[in-house]
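Undergrad: just need the structure, nothing else, for what follows:
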Amino acid sequence: MVQAMRNLIAPLILMFAASAAPPPAADLVIRGGVIYDGGGGAPYAGIVATAGDRIVYVGRDRPFRAKAVIDAHGEAVAPGFVNMLSHVEESALVDGRALSDLVQGVTLEVIGEESMGPLSPAMRRQVAERQSDLHYPVTWSTLDGYFAAVERHGIGPNLASFVGHPTVRAAVLGEDDVQPTPAQLDRMRALVDAAMADGAMGLTTALIYAPATYAKTPELTALAIESARCGGLYSAHMRSEGDHIADAVAETVAIARASGGPAHIYHLKLAGRDNWGKRDAVLAQINAARAGGVRVTADMYTYAAAATGLDAAMPPWVQDGGLEKWIARLKDPATRARVLAEMAQAHPDGWENYILQAGGGSGVRLLAFKNPALKPLTGKTLAEVAAMRGTSVAATAIDLVAEDGSRVGVAYSLMSEDNVRRQLAEPFVAIDSDEGGLAPESAFLKSSPHPRAYGSFARLFAKYVRDEHVMTTQEAVRRVTALPADILFLKDRGRLRAGNFADVVIFDPATIQDHATFEAPHQLATGVTDVLVNGRFAVRDGVATGAPTGRIVRGRGWRGWPDGGCRRTAADWPQA
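TA: Numbers count the residues shown, from 1 in each chain. Alright, predicted model coming up:
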C-alpha cells in the first residue's frame, strides 16, 4: 500500500517541481508573428527565441525570461534572405551597411563572379587604377586577405565568396586570348585549391566577358574538379544566354558531371526576342539533367532587363589583353571599322550582340560612367545619346567606351516578362540582385543602378507573390532562405531552427514593396521592420542600425573547419 501511494504521488511531485521551475532565458523573443521556417511548409503562429548569435527555440508560444521582446503581430517571421549573386565586392569596402539589400531582409551576400582574390601584383595595380566612383585601398592578394579587409571595415550582412575563374586565369595568364600550358594550368589549379582553403564556396565563371571567354571547356573542367574536391560547386555565368543557350547549358552540365560536383546557373534568362521561345526547351534540359543525377540549380533577378557593360555588345577579339588594350584598339580607324561591321550583325559568330538583341539603342540605358564629363548622360538611352551626337548607335557605344576609359555600365531590355514569371515557378530557382550593396547617398548617387539593386527581393513578394500569385509566401521564403542555403551546403543558416545562427527577418507580406525604377533607382524598399544578423539588430523598426553585425561565411573546404579540406566524394552532393 505504501509503495502504491508513493507511485501515485511521485508524478505529482515532479509536475509541481516542473511548474515551479523558472522559464528558460533568452536575449530576444519574437512573439505574435507568423512563422515561415524556410522549409516551404505551412506557416503557423508561434515565437522565435534567440540567445547570443543562435536561435534557441522556434515553435508554439511558451514562457521565456527575455531581455527584449518584439511584438510581430500581423507580420511574417522568416530566416534571413540569401542573395545568391551579389556584387558588394567593392561597396562592402566603402559602406559596409549594404543598405539596399539589408532593408529588403538580405542577411547573406554571395559574391565572386569575378572574385577579389587571388590577385597578382599587376592585378592589384589594375584594381586600384580602374576604380570609378568608389575608392578603397587594395591591401590584399588572397581571398582570405580580402575577407580580412571586409572584417576590418565592418559589414551589416554576412558575406560569402566563390573564387572566380576569370580572376584565377588573369593571375596566371593575364588578360590575353591564350591557352594555358600544362604548367600554367597546374598553377591555376593550385590557386583554386588555395582559395577553397581560404573558404571559397566553389568556382565561378563569367564566360561572355574577356578574359574568361577565351577559356575552353577542358580548362574549366580541370578547375571545377579542384573546387568539387574541396566541397565546392561550379557556378556559371554561361557562355551564351541567347543564341546558343542550349549548348551553354550542355557545357555547364558536362563540366559538373566531369567534376563530380554540382552546377549552378547564374541569372537564368533567355536573352533577345529571337530566343524567348526557347524557354520551355531550356527548362526541360535543366530538369532532365537533374532527373539524370546531376545537381543543377539556378538563380535569377525579378526583372526583364539585364545590366552589364558595353563590352557585352562588342566582339571578344577586340578586348584581348584587357581594358586598356581594348580602348587603344577602338581608337584605331581600321580596327574601329571592323568592330562596327561586326556590331551590325544581329547574330555574330562566337558572341552575342546585346545592343541588337535589346532591340537597338532605345533598349540600352546608360547607367554608370567613370569620366565626370560623361555623367550628365546617365539615365539616357544609347539611342538618345546617338541622336544628340549625330552618330550611329554602334559608333556611339564605341566612342563612349573610349571616352570613359571603362566598360560603361548599361542596362539591356533583353527578356520577356512572361519568361521571368515562368522561370520563377521552377522550384530550383533562387533569387539574386546581381548588384552592389548601395545607399541613396554619397558616392552611390554618381551612377544610376539597375533597380534590382534596391528591389529584387521585395519585388518577389510584392509582384510575384501578392499581386500575380506565381507562388505562395512560404514558397517565396524557401527560395530566398533554405534553397540557397542548401545550394551552398550551409547547414546552420537558411532555416528557423534551434541551433542555427540567428539571421531573422520580420516583414509584412501585405505591404512589402519595391520602389526603385530606372528613372528613380535610388529608392529603398519598404515593408521589412526588423533584421537580425547573428543575433544582433541590423535593422530595427525599419531603420538600419549601422552595426557591423555580419561575418564571413566560409565554404566546406576552409582549412578552419574540423572536416574541411579537399577530399569530397559523390555522397557529399545531395540534390537541392
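
Undergrad: and the pLDDT for Val178?
TA: Among the per-residue scores, Val178 holds a pLDDT of 98.

Undergrad: now the one 10 residues further on
TA: Met188 is assigned a pLDDT of 98 by the prediction.

Undergrad: ditto for Trp561
TA: 80.

Undergrad: shouldn't it be in contact with Lys491?
TA: No - between Trp561 and Lys491 there is no contact under CB atoms under 8 Å: 11.3 Å. (C-beta placed from N, C-alpha, C; glycine too.)

Undergrad: mind pulling up the pLDDT for the closest residue to Ser86 other than its chain neighbours?
TA: Spatial nearest neighbour of Ser86, excluding adjacent residues (CB to CB, 6 or more residues apart in numbering): Glu109 at 4.0 Å. Glu109 is assigned a predicted lDDT (pLDDT) of 98.

Undergrad: what about Glu109, how many residues nearby?
TA: For Glu109, the neighbour count with other CB atoms under 10 Å is 30.

Undergrad: secondary structure class for it?
TA: strand (DSSP: H, G, I helix; E, B strand; the rest coil).

Undergrad: Leu203: helix or strand, and which one exactly?
TA: strand 202-206 (DSSP states H and E).

Undergrad: pull the helix or strand just after that strand out as PDB, backbone CA atoms only.
TA: The element immediately downstream of strand 202-206 (helix or strand, assigned by DSSP H and E) is helix 217-229. Presented in PDB, the C-alpha positions along helix 217-229 are these (Å, rounded to 0.1, in the frame of the first residue of the first chain):
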ATOM      1  CA  THR A 217      35.900  23.600 -71.700                       C
ATOM      2  CA  PRO A 218      38.800  21.400 -70.500                       C
ATOM      3  CA  GLU A 219      40.300  24.300 -68.600                       C
ATOM      4  CA  LEU A 220      37.000  25.000 -66.800                       C
ATOM      5  CA  THR A 221      36.600  21.300 -66.100                       C
ATOM      6  CA  ALA A 222      40.100  21.000 -64.600                       C
ATOM      7  CA  LEU A 223      39.400  23.900 -62.200                       C
ATOM      8  CA  ALA A 224      35.900  22.600 -61.400                       C
ATOM      9  CA  ILE A 225      37.400  19.300 -60.400                       C
ATOM     10  CA  GLU A 226      39.600  21.100 -57.800                       C
ATOM     11  CA  SER A 227      36.600  23.000 -56.500                       C
ATOM     12  CA  ALA A 228      34.500  19.800 -56.200                       C
ATOM     13  CA  ARG A 229      37.300  18.000 -54.300                       C
END
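
Undergrad: okay, angle between helix 217-229 and strand 202-206 too, please.
TA: 150 degrees (axes from the mean of the first three to the mean of the last three CA atoms, to 10 degrees).

Undergrad: Arg478 against Ala42, yeah?
TA: No - between Arg478 and Ala42 there is no contact under CB under 8 Å: 12.0 Å.

Undergrad: which residues in the stretch 401-550 of the chain form helices?
TA: Secondary structure of the stretch 401-550 of the chain (DSSP state H, counting those that start in this stretch): helices at 417-424, 452-459, 473-480, 482-487.

Undergrad: buried deepest among those, which one?
TA: Burial of the helices of the stretch 401-550 of the chain is given as mean neighbour count (mean count of other CB atoms under 10 Å); helix 452-459 ranks first at a mean of 27.

Undergrad: contacting residues for Gly494?
TA: 38, 79, 82, 481-486, 500 (CB atoms under 8 Å, 6 or more residues apart in numbering).

Undergrad: farthest pair within those?
TA: Leu483 and Asn500 (15.3 Å; CB to CB).

Undergrad: where do the strands sit along the stretch 301-450 of the chain?
TA: 306-309, 364-368, 409-412, 429-431 (DSSP state E, counting those that start in this stretch).

Undergrad: would you mind giving the domain segments of the protein?
TA: What automatic domain parsing lists as the domains of the chain is 81-304+415-492+544-572, 308-412.

Undergrad: so which of these gets nearest Ala25?
TA: Here domain 81-304+415-492+544-572 is closest among the domains of the chain (CB to CB), at 21.4 Å.

Undergrad: which pLDDT does the model give the residue nearest the centre of the chain?
TA: Nearest to the mean C-alpha position of the chain, counting by CA atoms, centre = their mean, stands Leu85 at 1.2 Å. In this model, Leu85 is scored at 98, pLDDT.

Undergrad: please tell me how far it sits from Phe162.
TA: Distance, Leu85 to Phe162, using CB to CB, to the nearest Å: 10 Å.

Undergrad: kindly report the same for Met84.
TA: 11 Å.

Undergrad: quick one: residues contacting the closest residue to Leu340 other than its chain neighbours.
TA: Computed as CB to CB, 6+ apart, the closest residue to Leu340 that is not its neighbour in sequence is Ala394, at 5.3 Å. By CB under 8 Å, 6+ apart, the contact set of Ala394 is 339-340, 343-344, 355.

Undergrad: tabulate those (JSON lines), appending neighbour count and pLDDT.
TA: Output for the contacts of Ala394, formatted as JSON lines (neighbours: other CB atoms under 10 Å; pLDDT from 0 to 100):
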{"residue": "Val339", "neighbour count": "22", "pLDDT": "97"}
{"residue": "Leu340", "neighbour count": "15", "pLDDT": "97"}
{"residue": "Met343", "neighbour count": "20", "pLDDT": "97"}
{"residue": "Ala344", "neighbour count": "12", "pLDDT": "96"}
{"residue": "Ile355", "neighbour count": "23", "pLDDT": "97"}
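
Undergrad: ok, these vs Ala68, which is closest?
TA: Ala68 lies nearest to Ile355 out of those, by CB to CB, at 54.0 Å.

Undergrad: right, and the closest one touches Ala344 too?
TA: No - counting by CB under 8 Å, Ile355 does not reach Ala344; the two are 10.1 Å apart.

Undergrad: make TSV out of the strands of the stretch 301-450 of the chain and add mean neighbour count and mean pLDDT.
TA: As requested, the strands of the stretch 301-450 of the chain are exported to TSV (neighbours: other CB under 10 Å; pLDDT from 0 to 100):
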stretch	mean neighbour count	mean pLDDT
strand 306-309	22	96
strand 364-368	25	97
strand 409-412	24	97
strand 429-431	25	98
